[in-house]
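> Just need the structure, nothing else, for what follows:
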Amino acid sequence: MKKSVILIVLVAMQLMVLLVMAGLRYYTKENGTNLILLTEPVDLKQMVYEDTVYLTYDAQRIPWSKWEGKARLKDGEAIYVLFEKNGNIYEPARVSREKMKGVVLRAKYQYDDTGFMHVTYGMERYRFSPNTKIESGERKWHVYIKTSPYHQFVTQILP
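This next block holds a predicted model:
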């Protein structure tokens, strides 16, 4: 009897975790903020799989002048990047360890490079639909992102 109760509780907890994960994505999709980031030109020859591409955003290289902290960051440390709209593209305006109000993406600090911090947003790998025709080129891609205080994800990429 005890073992079956424990098993039921464990299964129920796993189901709750899955429901929360799906709920966060749904909440962000319905109530999140849209933003557009530009990527560096994409070389499709470097695709690891047939339909997966690794993106490098312009917003991954941020000047240290936008950093609001006093102490330097440690590799892998969680940070928040506030974005401001410039035309129809969003650009980093401020970087902080603390959450800010506005259009914000969670990121991780990677390393320092002569006056610039390099960050990742967890959205650098994108999987295209299997029948999507894409061409390599020298132009930058527009990446459409949905973000909320709880979740962020890529909704569309337009080369």
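> Helix or strand with the lowest mean pLDDT in the chain?
None of the helices or strands of the chain scores lower by mean pLDDT, DSSP states H and E than strand 52-54, at a mean of 79.
> could you say which helix or strand contains the residue nearest to Leu82 when sequence neighbours are not counted?
With sequence-adjacent residues excluded and distances taken as CB to CB, 6 or more residues apart in numbering, Leu82 is closest to Arg94, at 4.4 Å. To be clear about C-beta, it is placed using only N, CA and C from the backbone, and glycine gets the same treatment. Following DSSP states H and E, the helix or strand that holds Arg94 is strand 89-96.
> Would you check that the residue nearest to Leu82 makes contact with Glu68?
Yes. Under the contact definition of CB atoms under 8 Å, Arg94 touches Glu68, with a separation of 5.8 Å.
> Tell me the buried residues in the least confident helix or strand of the chain?
Along strand 52-54, the positions that meet the burial threshold by neighbour count (16 or more other CB atoms under 10 Å) are Val53.
> Check the offset of that strand from the chain's centre.
Mean C-alpha position of strand 52-54 versus that of the full chain (CA atoms, centre = their mean, to the nearest Å) differs by 14 Å.
> low pLDDT regions in this protein?
Within the chain, the set of residues satisfying pLDDT under 70 comprises 43-50, 131-139.
> make it 50
Across the chain, nothing is flagged by pLDDT under 50.
> What segments of it are helices?
Here the chain has its helices, by DSSP state H, at 2-31.
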